[in-house]
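J.: Dropping a prediction and its sequence here:
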Amino acid sequence: MALVIGVTGGIATGKSTVSALIKEQGFTVIDADIAARQVVEPGEVAHQQIIENFGIDLLLENGQINRQKLGSIVFHDEEKRQLLNSIVHPEVRKKMNDEKQAAFERGEQVIFLDIPLLFESKLTAMVEKIIVVYVDEQTQLSRLMNRNGLSKEDALSRIQSQISIEEKVKLGDAIIDNRGSIEDTKHQLLAIFEKWNIQ
Ligand SMILES: CC(C)(COP(=O)(O)OP(=O)(O)OC[C@H]1O[C@@H](n2cnc3c(N)ncnc32)[C@H](O)[C@@H]1O)[C@@H](O)C(=O)NCCC(=O)NCCS
Ligand SMILES: Nc1ncnc2c1ncn2[C@@H]1O[C@H](COP(=O)(O)OP(=O)(O)OP(=O)(O)O)[C@@H](O)[C@H]1O
């Protein structure tokens, strides 16, 4: 039986960074953020449902959803965020399950799922072990502001739309402290692999 491991954390705490290190070790990482982009491509069911619920003005000239505009709506309005989640999440779960199945069928023994909202969306049953990628809230805020070019207010509203990273740390089977260098983060990841006998 293959082992399925969830990688989670708060927004901008370093899940993608850790996922890249996991891939470097030769493992498949199935990324919920990527799936969430694929299921809203023009022609997909969720694309149509988003237009019906949020309006045609949300589209760019090329027919893609204007993610910046949608983000500025849903990260300031919990009801609208729940509405978007109810459209996108079922499709994301399907896509991730299909990709997981394909990895099983390729004979892979350990599969990683990078799911930012693992706890918020109550998806912990999808995985057997959980790695939480941690940085303190100040580091999270400044990395998010830098990476996305967001104001402090906008960055805080995104952070506050999730369970706090301090809470998530209590729920993980293993924690990676990503406040140091990438090399330091890699050492912690490899130590977890050793402890869990992942090779
Ligand atoms: C609101 C959208 C359009 C903003 O797009 P944008 O390109 O700016 O951000 P991106 O998708 O890369 O997400 C960045 C991070 O934001 C956080 N985030 C995204 N959606 C949500 C949400 N609904 N609730 C809380 N945090 C979220 C996650 O930590 C994610 O890693 C987009 O995030 C979206 O469609 N969200 C709904 C789907 C979802 O929940 N995705 C997260 C994984 S399933
Ligand atoms: N150890 C580190 N040292 C310095 N900067 C880092 C480190 N790890 C990640 N970063 C930077 O912090 C930002 C957030 O990292 P990353 O994109 O991996 O987070 P994430 O958790 O995947 O974000 P999201 O929730 O938005 O998907 C990026 O700009 C990244 O380059």
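T.: Perfect, thanks for sending it. Ligands and ions are numbered 1, 2, ... in the order given.

J.: Name the residues of this protein found near ligand 1, please.
T.: Within the chain, the positions near ligand 1 by Cβ under 6 Å from any ligand atom are 11, 32-33, 36, 67, 70-71, 74, 81, 84-85, 88, 92, 116-117, 161-162. The C-beta positions use only the backbone N, C-alpha and C, and glycine is treated the same way.

J.: Could I get the full set of helices for the protein?
T.: Counting by DSSP state H, the chain has helices at residues 15-24, 32-38, 45-54, 67-74, 78-105, 137-148, 152-159, 165-171, 182-195.

J.: re the thing from before, if we check ligand 2, which of the residues of the chain next to ligand 1 are in contact?
T.: Answer for the residues of the chain next to ligand 1 near ligand 2 (Cβ under 6 Å from any ligand atom): I11, D33, P116.

J.: Look up the closest residue to the second one, ignoring the ones flanking it.
T.: Spelled out, it's D33. Leaving aside its sequence neighbours, D33 sits nearest to P116 (Cβ to Cβ, 6 or more residues apart in numbering; 6.7 Å).

J.: need the contact list for that neighbour.
T.: Counting by Cβ atoms under 8 Å, 6 or more residues apart in numbering, P116 touches T8, G9, G10, I11, K15, A32, D33, Q162.

J.: The same query, at a cut-off of 7 Å, please.
T.: Neighbouring residues of P116 by Cβ atoms under 7 Å, 6 or more residues apart in numbering: T8, I11, K15, A32, D33.

J.: and what of Q140?
T.: Per Cβ under 7 Å, 6+ apart, neighbours of Q140: G10, A12, T13, I159, I165.

J.: Most neighbours out of those residues, which is it?
T.: When neighbours are taken as other Cβ atoms under 10 Å, the top entry among the contacts of Q140 is T13 (28 neighbours).

J.: of the residues of the chain next to ligand 1, buried ones?
T.: 11, 32, 36, 70-71, 74, 84-85, 88, 92, 116-117, 161-162 (16 or more other Cβ atoms under 10 Å).

J.: where's the residue of the chain positioned farthest from its centre relative to ligand 1, distance?
T.: Going by Cα atoms, centre = their mean, the residue of the chain most distant from its centre is E61, 27.5 Å out. E61 sits 18 Å away from ligand 1, taking Cβ to the nearest ligand atom, to the nearest Å as the criterion.

J.: which bits of this protein sit near ligand 2?
T.: So far as Cβ under 6 Å from any ligand atom goes, the chain lies against ligand 2 at 9, 11-17, 33, 116, 143, 147, 178, 181-182, 185.

J.: middle-most residue in the chain, spatially?
T.: In the chain, the centroid-proximal residue (Cα atoms, centre = their mean) is P116; its distance is 2.9 Å.
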